[in-house]
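> Here's my sequence, what's the structure:
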Amino acid sequence: MDDALKLELIGEHFESVHRPRTDLEPTQLSEIVERDVHNFKYSLNGTTVLQFSSALQADLILSDNLLDYFVSCVELTSIFRGVNNKRSSGMDGIPNVVLRRLPDIAIRNYCILFNNLLNNSFFPGQWKKARVFPILKRGKDSSSPQSDRPISLLPNISKVFEVLVLKALNGHIKKKELLPNAQFGFRSGHSTIHAITKVTSDICWRINNGECVGACLIDMEKAFDTVWLDGLIFRLLKN
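Have a look, this model is predicted:
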């Protein structure tokens, strides 16, 4: 089997993982969701839900101090100087070693660019195009496409901008207290140890009160890959 055919098989497998399921029986809820999401997409006049345009504008940042979301040249210089030299480059072919050694004038121009992107709630589409490499999972059959894990290499400059986006999001989330205390994943200062401690504490508390305790543990495979996108968009529209 030549390399081109191998890539076709791997690509078809990765595509099938994200393909919506068609074997489920339609329900009243699913019909409502599909109708509302279809009407919403139609109103965008050909653009996607993930692209901001004149038809789909991002909400303005409502804050007492908009400067909280922006970055200074000093802060951006520190971010550039701290990028990992060992990271591979993306579609643009620019390695991190180049970003680490940018002159002050280039960092100043990036600072202006990033702040304008934040101010307009815009993320360049070119920065989301990735080089995808299939990596064989440990102990898996090398002849099966299902044994490969896709590794996406984005442009390194997009990672720098994502640091600023994350800072803005975390600041807004913390200020508005949007995350429940029971969420431990992907949060600074939280870990699985805290989650286990919470569960253990609740179990001991109930048992000491003479109550019956039960637990339902779910391990979902490919949960992110197979999420019902129309259902997710519907929830976002309603919220």
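
> okay, and for the chain, where does confidence drop off?
Scanning the chain for pLDDT under 70 picks out 20-24, 45-68.

> For the most far-flung residue of the chain relative to its centre, give its distance to residue 9.
Going by C-alpha atoms, centre = their mean, the residue of the chain most distant from its centre is residue 210, 43.1 Å out. According to C-beta to C-beta, to the nearest Å, residue 210 and residue 9 sit 58 Å apart. No exception for glycine: its C-beta is placed from N, CA and C like everyone else's.

> Could you look up the SS state of the residue farthest from the centre of the chain?
Recorded secondary structure, residue 210: coil (DSSP: H, G, I helix; E, B strand; the rest coil).

> dump the residue contacts of residue 83.
For residue 83, the contact set (C-beta atoms under 8 Å, 6 or more residues apart in numbering) comprises 96, 99, 100, 156, 159, 160.

> which residues touch the residue farthest from the centre of the chain?
Residue 210 neighbours (C-beta under 8 Å, 6+ apart): none.

> ok so, going back, write the PyMOL selection for whichever of the contacts of residue 83 are buried.
A single PyMOL command selects the buried members of the contacts of residue 83 (16 or more other C-beta atoms under 10 Å):
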select buried, resi 96+99+156+159+160
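
> which of the contacts of residue 83 lies closest to residue 171?
Proximity of the contacts of residue 83 to residue 171 (C-beta to C-beta) peaks at residue 160, which lies at 17.6 Å.

> got a list of contacts for the longest helix seen in the chain?
Counting residues, the longest helix in the chain under DSSP state H turns out to be helix 156-176. Contacts to helix 156-176, defined as C-beta under 8 Å, 6+ apart, come from residues 63, 68-69, 71, 76, 79-80, 83, 87, 89-90, 92, 94-96, 99, 110, 114, 117-118, 123-124, 127-128, 178-179, 188.
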